[in-house]
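Engineer: take a look and give me a structure for this.
(2 chains)
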Amino acid sequence: MKTFPRGTRMAGTVLGALALSVGLTACGGDSLEDKDSGKAGEKDKKGSLVVGAAKFTESKVLAELYAQLLSDAGYSTSIKTVENREIYAPALEKGQIDVMPEYAATLAEFLNAKENGPKAPEEKPVASSDADDTVAALRKLAKPRGLKVLPHGEAVDQNAFAVSERYAKKHNLKTLSDLGKSKLKVRIAAGDECEVRPFCAPGLKASYGIDVAGIDPKGVGTPQSKKAVQDGTDQLVLTTTTDATLDNYDLVLLEDDKKLQNADNVVPVVNAKDAGSAEIADVLGKLTDTLTTDDLMELNRKVDAERVKEADAAKEYLESKGLLKK
Amino acid sequence: MSEPNCLVANDWVCGEYLRTRSQELTDATVQHLGITAVSVVIGLLIAFPLALFARRHRAFAGAVLGLTTVLYAVPSLAMFSLLLPVFGLSAALVVTGLVLYSLTILVRNILAGLEAVPEDAREAARGMGYGSWRLLWEVELPLSLPALFAGVRIATVATVAMTTVGAIVDYGGLGGLIMSGLQTDFKAQVLAASVLCVLLAVTADLLLLGLQRWLTPWTRIRTRRAAPTPGRAAAELPAESDATSDATSDAKPEAAGAI
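Structural biologist: Numbering: from 1, shown residues only, chains lettered A, B, ... in the order given. Here you go, the predicted model:
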């Protein structure tokens, strides 16, 4: 008699736990299907596409731009944000991600390393400062992996050097060539690797004749590096072309007039099987033709400084350019 | 658009953030809760038979405990990366990783709980003609509940924390918000998501404690349910209560050692 209620209680709990687990697993399964597959059905809705994003603001904004345009064109889209290229590249090849905003030179060298060994990017680089050549090289590497590289545009997120506004005015500097001609001694705020990388100190010396006095290892585009140049401790800072915070530190970019930097133009890369259609290329092509480096910088600034949501910033941009109806 | 002041100022506490991102926070919390719950429940469903089997076969016990401990030592980032080729980008990847981690704690605690059941109680039950299933169900399992729950509570809190690492494949619940907040120096987001994460862990722990107390009324002096014959029940209970508190105190250091 005494054990009866306790037994029932145990049984009830175990049954409850089982029911809960079955229920939750079922839920998990459903949401998985929503996000990942479902490509087969719904022909009238043109099927669904997964747009990938890497975990940094610019990539997330680009993914939003792509997704909103594609869903406007009748596809049902979702965005998957993952840590880095090592994780999303295989997913893109397998088709778990269908569309990915990429950077031509970086992806080309990433695939070069995968194809020809980890030393290939240093010894036999395929990317160059020429965007067309770089994209052509990228296409050659991407095709056997089932990836289709869509046409690139003008927007580019590549390494760039900045000086303080005051310094630029005083010595009348607009380009890196100007800096070379001025014969000024400069200390560069950058990462340690600047010492050996061809696009950094060695390139600045060889291509521009810049007198590099030393490297201040404060990191690439970190607040500390920028502060050091603003204060005059260092003269040149290594950052990127879409850095939205330069104004806050009174910095200006010097033009890379001899094309030292690799062409990291923004380029949509798609899984050829799932998203290789001409229509998708057409939809994304409109954005690629419109987007500029300054637009990208402005979008970054909106998200990182004003804390506008990526989706809202993207929507506002697309509407202002007439790519999306209000 | 209105001027979201504390967002631009990047304050740690920002009402505007909570107002504008309530949907993101809710979605992330629900996902976090789902992944944690599924992981612990599946972990329990696997750990229980493993513990029973380990108790019967001594040689197997060493292997199981050793293997689960080795699994626990794998860093979570590495674990998810290793499972990536098998599962691809899916919630199953994160759940599998978390289940493997929870096994260490759960198997050890269930085993400890079962072993702490006093031999007298077992003998008495056998003497009353209990078969091995009925013995397990009506004597051993109830008596090992405190140790089992200690394990479930630790596993749950640990899983709530570890779910955040799932953010590398976009199934990290609140972890996704914490990581992207850290990356863009978004203080309000980091704080809000972290606080929610801690609240989730504390709430889950308290709920489990409540469930445990409800399931083991004999460990309390006063039972909430009106027993048909309170006098008799009370007279018989202290013996059991001693046994179970032994089980808990035996189990806890083990569980702590497992972490």
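
Engineer: contacts and neighbour counts: CA atoms only from here.
Structural biologist: Fine.

Engineer: any regions of the stretch 101-250 of chain A where pLDDT drops low?
Structural biologist: In the predicted model of the stretch 101-250 of chain A, no residue satisfies pLDDT under 70.

Engineer: in it, which spans are strands?
Structural biologist: A:147-149, A:159-164, A:185-190, A:211-217, A:236-240 (DSSP state E, counting those that start in this stretch).

Engineer: list the helices and strands the first one packs on?
Structural biologist: Judged by 3 or more Cα pairs under 8 Å, 6 or more residues apart in numbering or on different chains; DSSP states H and E, strand A:147-149 is in contact with helix A:131-142, strand A:266-271.

Engineer: the second one too?
Structural biologist: In terms of contacts (3+ Cα pairs under 8 Å, 6+ apart), strand A:159-164 is packed against helix A:223-231, strand A:236-240, strand A:251-254.

Engineer: and whatever residue of the stretch 1-150 of chain B ends up closest to chain A, how many neighbours?
Structural biologist: At 4.9 Å from chain A, residue B:8 is the closest residue in the stretch 1-150 of chain B, using Cα to the nearest Cα. Residues lying near residue B:8 (other Cα atoms under 10 Å in any protein chain shown) number 16.

Engineer: residue A:75 touches residue A:46, doesn't it?
Structural biologist: Yes. At 5.3 Å, residue A:75 counts as touching residue A:46 under the criterion of Cα atoms under 8 Å.

Engineer: which one's more surrounded, those two?
Structural biologist: residue A:75 (21 against 15).

Engineer: enumerate every residue touching the more buried one.
Structural biologist: Neighbouring residues of residue A:75 by Cα atoms under 8 Å, 6 or more residues apart in numbering or on different chains: A:45, A:46, A:47, A:48, A:49.

Engineer: mind giving me JSON lines with the residues you listed and columns for distance to chain B, pLDDT and secondary structure?
Structural biologist: What follows is the contacts of residue A:75, written out as JSON lines (distance: Cα to the nearest Cα, whole Å; pLDDT from 0 to 100; DSSP: H, G, I helix; E, B strand; the rest coil):
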{"residue": "A:45", "distance to chain B": "24", "pLDDT": "64", "secondary structure": "helix"}
{"residue": "A:46", "distance to chain B": "23", "pLDDT": "81", "secondary structure": "coil"}
{"residue": "A:47", "distance to chain B": "19", "pLDDT": "88", "secondary structure": "coil"}
{"residue": "A:48", "distance to chain B": "16", "pLDDT": "92", "secondary structure": "strand"}
{"residue": "A:49", "distance to chain B": "15", "pLDDT": "96", "secondary structure": "strand"}
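
Engineer: JSON lines please, covering the residues you listed and showing distance to residue A:91.
Structural biologist: Shown next, in JSON lines, are those (distance: Cα to Cα, whole Å):
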{"residue": "A:45", "distance to residue A:91": "24"}
{"residue": "A:46", "distance to residue A:91": "21"}
{"residue": "A:47", "distance to residue A:91": "18"}
{"residue": "A:48", "distance to residue A:91": "16"}
{"residue": "A:49", "distance to residue A:91": "13"}
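
Engineer: can you select the buried ones from these in ChimeraX?
Structural biologist: To isolate the buried ones among the contacts of residue A:75 in ChimeraX, judged by 16 or more other Cα atoms under 10 Å in any protein chain shown, type:
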select /A:47,48,49
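
Engineer: to chain B, which of the helices and strands packed on strand A:147-149 lies closest?
Structural biologist: Proximity to chain B (Cα to the nearest Cα) singles out strand A:266-271 among those, at 15.5 Å.

Engineer: now the helices and strands packed on strand A:147-149 as a markdown table including distance to chain B?
Structural biologist: As requested, the helices and strands packed on strand A:147-149 are exported to a markdown table (distance: least, Cα to the nearest Cα, whole Å):
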| stretch | distance to chain B |
| --- | --- |
| helix A:131-142 | 20 |
| strand A:266-271 | 15 |
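
Engineer: hey, which of these is tucked in deepest?
Structural biologist: strand A:266-271 (a mean of 26; mean count of other Cα atoms under 10 Å in any protein chain shown).

Engineer: and that one, which strands flank it?
Structural biologist: strand A:99-103 (antiparallel), strand A:147-149 (antiparallel) (DSSP bridges).

Engineer: in JSON lines, list the ones you listed along with mean neighbour count.
Structural biologist: Listed next are those as JSON lines, based on neighbours: other Cα atoms under 10 Å in any protein chain shown:
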{"stretch": "strand A:99-103", "mean neighbour count": "25"}
{"stretch": "strand A:147-149", "mean neighbour count": "25"}
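
Engineer: just give me the neighbour total for residue B:22.
Structural biologist: Residue B:22 has 12 nearby residues by other Cα under 10 Å.

Engineer: now swap in the one 10 residues further on and tell me
Structural biologist: A total of 25 residues lie near residue B:32 under the criterion other Cα under 10 Å.

Engineer: look up how far residue A:62 lies from the residue nearest to it when sequence neighbours are not counted.
Structural biologist: What sits nearest to residue B:32 in space, not counting adjacent residues and going by Cα to Cα, 6 or more residues apart in numbering or on different chains, is residue B:173, at 4.0 Å. Using Cα to Cα, to the nearest Å, residue B:173 is found at 23 Å from residue A:62.

Engineer: more neighbours, those two?
Structural biologist: The residue with more neighbours, out of residue B:173 and residue A:62, is residue B:173; 29 against 26, by other Cα under 10 Å.

Engineer: give me the pLDDT value at whatever residue of the stretch 201-326 of chain A ends up closest to chain B.
Structural biologist: Using Cα to the nearest Cα, the closest approach of the stretch 201-326 of chain A to chain B is made by residue A:306 at 4.9 Å. pLDDT, residue A:306: 88.

Engineer: repeat for residue B:36
Structural biologist: So residue B:36 comes in at 97 (pLDDT).

Engineer: what residue lies at the spatial centre of chain A?
Structural biologist: For chain A, residue A:59 is the residue whose C-alpha lies nearest the centre (Cα atoms, centre = their mean; 3.9 Å).

Engineer: I figured that one hits residue A:101, correct?
Structural biologist: Yes. Applying Cα under 8 Å, one finds residue A:59 in contact with residue A:101, separated by 6.6 Å.

Engineer: common neighbours of the two, please.
Structural biologist: Both residue A:59 and residue A:101 are contacted by residue A:53, under the criterion Cα under 8 Å, 6+ apart.

Engineer: just the element for residue A:96, please.
Structural biologist: Assigning secondary structure by DSSP states H and E places residue A:96 outside every helix and strand.

Engineer: so it sits against residue A:50, correct?
Structural biologist: Yes. Judged on Cα under 8 Å, residue A:96 makes contact with residue A:50 at a distance of 7.2 Å.

Engineer: ok so, going back, in contact with the residue nearest to residue B:32, which residues?
Structural biologist: For residue B:173, the contacting residues are B:27, B:28, B:29, B:30, B:31, B:32, B:33, B:35, B:163, B:164, B:166, B:167, by Cα under 8 Å, 6+ apart.
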